[in-house]
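Peer 1: Sequence and predicted structure, then a few things I'm wondering about:
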Amino acid sequence: MTENLLLERATRFVSALRHCQVLGINVHEAGEEGMTLVLPYTPAIVGDPTTGVIHGGALTSLMDTACGMATLCVLPEFEVCPTLDLRIDYMHPAEPHKPVYGFAQCYRVTTDVIFTRGVAYQDDPQQPIAHVVGTFIRMGKRLSGTQGFRSTIKGEQA
């Protein structure tokens with residue numbers, strides 16, 4: 001799949017997820033090497049009003065979504081791949097009033113499970129806010145949601 005088609009598919013996918021709509025998460029980049037999403041800073045995601053630091057739950061949602069969507073980069077056809085396990089190691093708090101980027105890539109694909117890893121960062125991926133590893137179960141094409149949802153992600157008319 002070309003990077004342009006992958007970016008289009010990823011954009012359609014993230015726009016169909018209600019938690020991404022609420023948090024304002026969007027696709028920043030999508031390619032064979034992985035997926036980068038962006039979580040814009042808004043008052044709604046602040047966990048500590050005195051410091052303006054982003055709530056850990058918003059960062060967890062960003063990274064779970066980035067890892068799950070990275071499966072689009074390695075699978076030839078769309079499959080729903082729910083989270084089986086997710087581990088996040090927080091390195092330091094995100095700086096207030098700045099967006100957070102979540103990069104994830106798949107490093108192993110088996111018949112049943114996809115293994116992912118990634119980082120949350122602001123200015124420099126080499127200075128991550130958090131590291132993440134996740135596993136996602138492959139449900140296969142036939143169990144990947146309704147035809148309408150699958151068609152939406154693929155950019156087809158339902």
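Peer 2: Done, it's in. Fair warning: this is a prediction, and the values are worked out from it, not measured in the lab. Numbers count the residues shown, from 1 in each chain.
Peer 1: Mind naming the longest helix for this structure?
Peer 2: For the chain, the helix that runs over the most residues, judged by DSSP state H, is helix 56-70.
Peer 1: Could you name the helices and strands sitting against that one?
Peer 2: With contacts taken as 3 or more Cβ pairs under 8 Å, 6 or more residues apart in numbering; DSSP states H and E, helix 56-70 sits against helix 3-15, helix 18-23, strand 34-39, strand 46-48, strand 83-90, strand 100-109, strand 113-121, strand 130-137. C-beta coordinates here come from the backbone N, C-alpha and C atoms, glycine included.
Peer 1: angle of it against strand 113-121?
Peer 2: 130 degrees (axes from the mean of the first three to the mean of the last three Cα atoms, to 10 degrees).
Peer 1: Give me the residues contacting helix 56-70.
Peer 2: With contact meaning Cβ atoms under 8 Å, 6 or more residues apart in numbering, helix 56-70 is reached by 10, 13-14, 17, 19-20, 23, 25, 27, 30, 34-37, 39, 45, 47, 81-83, 86, 88, 90, 94, 100, 102-106, 116-118, 120, 129-130, 132, 134, 136.
Peer 1: Now do it and strand 100-109, the angle between them.
Peer 2: Interaxial angle of helix 56-70 relative to strand 100-109 (the same axes, to 10 degrees): 40 degrees.
Peer 1: ok, back up a step: so how do I select the buried members of the contacts of helix 56-70 in PyMOL?
Peer 2: Here is the PyMOL selection string for the buried members of these, based on 16 or more other Cβ atoms under 10 Å:
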select buried, resi 10+13+14+20+23+25+27+30+34+35+36+37+39+45+81+86+88+94+100+102+103+104+105+106+116+117+118+120+129+130+132+134+136
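Peer 1: I'd like the helices and strands packed on helix 56-70 laid out as a markdown table, including mean pLDDT and distance to residue 57.
Peer 2: Below are the helices and strands packed on helix 56-70 laid out as a markdown table (pLDDT from 0 to 100; distance: least, Cβ to Cβ, whole Å):
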| stretch | mean pLDDT | distance to residue 57 |
| --- | --- | --- |
| helix 3-15 | 89 | 18 |
| helix 18-23 | 95 | 10 |
| strand 34-39 | 97 | 11 |
| strand 46-48 | 93 | 8 |
| strand 83-90 | 97 | 11 |
| strand 100-109 | 98 | 13 |
| strand 113-121 | 98 | 13 |
| strand 130-137 | 98 | 13 |
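Peer 1: coming back round to it: please save the CA atoms from the longest helix of the chain in CSV.
Peer 2: Provided in CSV are the C-alpha atoms of helix 56-70 (Å, rounded to 0.1, in the frame of the first residue of the first chain):
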residue,chain,number,x,y,z
GLY,A,56,-2.1,10.2,32.0
GLY,A,57,-5.3,8.7,30.7
ALA,A,58,-5.2,11.0,27.7
LEU,A,59,-1.6,9.9,27.0
THR,A,60,-2.6,6.3,27.4
SER,A,61,-5.4,6.7,24.9
LEU,A,62,-3.0,8.3,22.4
MET,A,63,-0.5,5.5,22.7
ASP,A,64,-3.1,2.7,22.7
THR,A,65,-4.6,4.2,19.5
ALA,A,66,-1.2,4.7,17.9
CYS,A,67,-0.1,1.1,18.5
GLY,A,68,-3.5,-0.2,17.4
MET,A,69,-3.4,1.9,14.2
ALA,A,70,0.2,0.8,13.5
